[in-house]
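Undergrad: Prediction below, plus the sequence it came from.
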Amino acid sequence: MRLLFYQSKSVICSQLRKLHTKSSILECPIEKIKNIGIFAHIDAGKTTTTERMLFYSGVLDRTGEVHKGDTVMDYMEQERTRGITIVSAAITFPWLNHRVNLIDTPGHVDFTIEVERALCVLDGGICILDASAGVQAQTVTVWSQASRHSVPYIFYLNKMDKPNANVDLCLSTIQKKLRANPLLTQIPLSLHGQFNGFIDLINKSVHTWGQDPSGRSFESTTLSEQMHGEVFEKAMKERNNLIESICDIDDTLADCVIERFSIEDTTPEEINKALKRVTLARTGVPVFCGSSYKNMGVQPLLDAVTKYLPNPVERGRDYSKPFDNHMCAMTFKIIHDKHKGPLTFFRVFSGELKQNQRVHNLTRDGTTKLMKVMVPFADEYVEVPHVSNGNIAIVSGLKGVTTGDILTSSQSAFHYAQKHLLKSEGEVRREFFVGPSVPDPVFFSSIEASSLSEQKALETALECIKLEDPTLKVKYDQETGQTVLGGMGELHLEIIKDRLEKEHKCHVNLGPMQVAYREYIMDCGRKKYEYNKVVGSTKIRVTIDLSISQLDYPGDKNEIQVVKEKENLDNITRITPTIMSAIKDGIEMGLSMGPRSGSPLSGVKVGLQWFEAPSRTSEIAISAAASQCITQLLREVGTGLLEPVMAVELVLDNEFSHRVLGDLSKRRATDLDISQILDSKIIRASVPLGELRGYSTAIRSMTSGTATFSMELSNYLIVPEERVPKVMREITGISYE
């Protein structure tokens, strides 16, 4: 089986190389480029849908299956073993004279950074729902991420072949949970109780599958009253409802309908144009249906991508004019290849990315040279001479680059754009390149090499993985001498351990999972601190005055502000950016370790009131003064403990609900919400993370493996006083009772 897969893969790559040597594809105009992502809750069918897209576009000669572990997009060994997507994978393929750059993303909350990074560079997305479940927990998370980046979406109701598939449920949950406006464009059809196609409401046509098992060909007929009877009446009613819904949010179509006094005469061209307008404006979301595993409905979905999702120009992300056609690109992903070394993924926003081109890293203020330029195909890459504006590219051999870095052909190119837009550099960055938002870790675990001889290899491997995965935090605990990993969940850290052993050949031991607690301040305070130190014959004296206060919510990110008042205005205005940066570094260092448990502080607002130091004082001394001032101030005001609370969603059979609810109550669950869908119960609750260690194993045991379970970080709450001794013992290993 494995040999057959690799033989097929070599054929695939050969076909892709032929594809990209065609000038019609390589030189695709920017108006014909579609940068899209596929997003969904876990097990909704993202990778299966992607495999069908590649098959029908001619890039694959056969489809891979997730349960067989032979998909092109899930190329990591851990993905094939576990049957889940762990890292996003990119691929380029043609459809209807368009070039589609597609990114398949994970659905598990532990790997949500992959979704965040993809959204930074994509122009549109397909949100896939399991038609039997509707909007699920991770769907809500992905939708909120897309809203933050203003990414237009279309919806695809997958798994319509399931007996409990429910279109009305999906539309209802899209409205209620996402507060979006679903526009149903297709009505599912069944033959002998089995889904076999749908009615296209826009074009008044019927598409059915069944003759060709591969789904490559399907039957399409015109909808008529003579042939389709009762279905015709229902379809025409739904078509009118669709047009009315669009008219409510699109004045152009509404004017057309009013002028001719008829909804029925609205043409497919008018509906398509209106759907594209509302999709780009994010006032409505077109909804399509199908069954990717059964090879039904994927080609019309691809047609919808070309019709309704924007190209870079329509998305407002063509920056050729402000950059005067100079090259400008943003890094959104880095991976390490055994043979090619570090591979950096870019989205090109202006000009062309060329081989052997010298570029300026605007973020790091340095110059580097590009080596090979390639286009992505999951874990295979095809070398090309250049990649044009609007596309996704991969460059090999780049060093000193991290996720979110901006590269231009020269520093002057950015200054030209800055001047052209009449905006400051910071505003340009925020408008142009909103980098990924990296969440804080919620689990920690110590890690050590199995022998001292492997310690260096472990450190190197962790540096590589940390560069690929910004959510992985690595720190060295000076007190215990241990290396500590911080991650997004138990699965995340298990995958890291697996990768260290299988990819980097490091034999490691992972300690028990520890919850990432935080501290909060219990009062406000202010302190003037003098830092005195003698280095050689030089006496260093730094005076700093800091205040701290609570933010509205204890779990909020810390804020550092310069307090400008009449009494200190002359002093504060003399502080240079370099000194301010050193002060901030020191404050952040002081807030990274609270006095009570050594956990980082959150929800703290720090104000700089006064600063004095000789002109040649080192940045290290300034940072040390700020850090020690904060540390003493925290001891004076006192701190309490915060624990992470997770939003948990369970889908299970009715017979297990009482057992699961009883278990949740023992785990201090609150905000319980129970709903019913057919024979299944959906339970939502807020549960402290400390109570959820090993919960995936426990829930499988309680429900005989039939329940599905997902969770994501909701907020941080104050640890009840009666539980503080137990938490302190867990953190420090010392009994406080």
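TA: On my side now, so go ahead.
Undergrad: most remote residue from this structure's center?
TA: What lies farthest from the middle of the chain is Ser537; by CA atoms, centre = their mean that is 53.1 Å.
Undergrad: At the geometric centre of this structure, which residue do we find?
TA: Geometric middle of the chain (CA atoms, centre = their mean) lands on Val115, at 2.0 Å.
Undergrad: Name the SS class of that residue, please.
TA: Here Val115 is recorded as helix under DSSP: H, G, I helix; E, B strand; the rest coil.
Undergrad: From Ile103, how far off is it?
TA: Using CB to CB, to the nearest Å, Val115 is found at 9 Å from Ile103. Just so you know, the C-beta spots here come from the backbone N, C-alpha and C atoms, and that holds for glycine as well.
Undergrad: Need the overlap of contacts for the two.
TA: By CB atoms under 8 Å, 6 or more residues apart in numbering, Val115 and Ile103 have these common neighbours: 37, 88.
Undergrad: now Leu664: how far from Val719?
TA: 19 Å.
Undergrad: With Met646 instead?
TA: 15 Å.
Undergrad: quick one: low-confidence parts of the stretch 1-150 of the chain?
TA: Low-confidence segments of the stretch 1-150 of the chain (pLDDT under 70): 1-27, 64-86.
Undergrad: Run through who's touching stretch 472-489.
TA: Outside stretch 472-489, the residues that reach it (CB under 8 Å, 6+ apart) are 109-113, 439-448, 458-459, 462, 465-466, 471, 492-493, 496, 510-511, 516.
Undergrad: Kindly recompute the last result at 6 Å.
TA: With contact meaning CB atoms under 6 Å, 6 or more residues apart in numbering, stretch 472-489 is reached by 110, 441, 443-447, 462, 466, 471, 493.
Undergrad: Tell me the buried residues in that stretch?
TA: 472-473, 483-489 (16 or more other CB atoms under 10 Å).
Undergrad: Tell me which two of these sit farthest apart.
TA: Within these, Thr483 and Gly489 form the most distant pair, 19.2 Å apart (CB to CB).
Undergrad: Do a quick rundown of the helices in the stretch 601-737 of the chain.
TA: 619-637, 657-666, 695-702, 724-732 (DSSP state H, counting those that start in this stretch).
Undergrad: what's the spacing between Val651 and Ile682?
TA: Val651 is 5 Å from Ile682, by CB to CB.
Undergrad: actually Gly536, sorry about that
TA: 68 Å.
Undergrad: Parallel or antiparallel, which strands does the helix or strand containing Ile334 pair with?
TA: Following DSSP states H and E, one finds Ile334 within strand 328-337. According to DSSP bridges, strand 328-337 has the following sheet partners: strand 341-350 (antiparallel), strand 406-408 (antiparallel).
Undergrad: thinking again about what came up before, just the buried residues of stretch 472-489: which are in strands?
TA: Cross-referencing the buried residues of stretch 472-489 against strands under DSSP state E gives 473, 483-487.
Undergrad: Give me the distance between the two termini of stretch 569-580.
TA: 15 Å (CA to CA, to the nearest Å).
Undergrad: and Ser627, what does it touch?
TA: Here Ser627 is in contact with 586, 589-590 (criterion: CB under 6 Å, 6+ apart).
Undergrad: between these, which has the most around it?
TA: Within the contacts of Ser627, neighbour counts (other CB atoms under 10 Å) peak at Gly586, which reaches 27 neighbours.
Undergrad: which secondary structure element contains that residue?
TA: helix 577-591.
Undergrad: Run through the stretch 601-737 of the chain and note the low-pLDDT ranges.
TA: In the stretch 601-737 of the chain (pLDDT under 70), the answer is 678, 733-737.
Undergrad: can we see that at 90?
TA: 614-618, 646-657, 671-682, 690, 692-701, 703-715, 720-737 (pLDDT under 90).
Undergrad: So which residues of the stretch 101-250 of the chain form helices?
TA: Under DSSP H, counting those that start in this stretch, the stretch 101-250 of the chain gives helices at 112-119, 137-148, 167-178, 225-249.
Undergrad: Buried residues of the host helix or strand of Cys464, list them for me.
TA: Assigned by DSSP H and E, Cys464 belongs to helix 455-468. Residues of helix 455-468 classed as buried: 457-458, 461-462, 464-468 (neighbour count, 16+ other CB under 10 Å).
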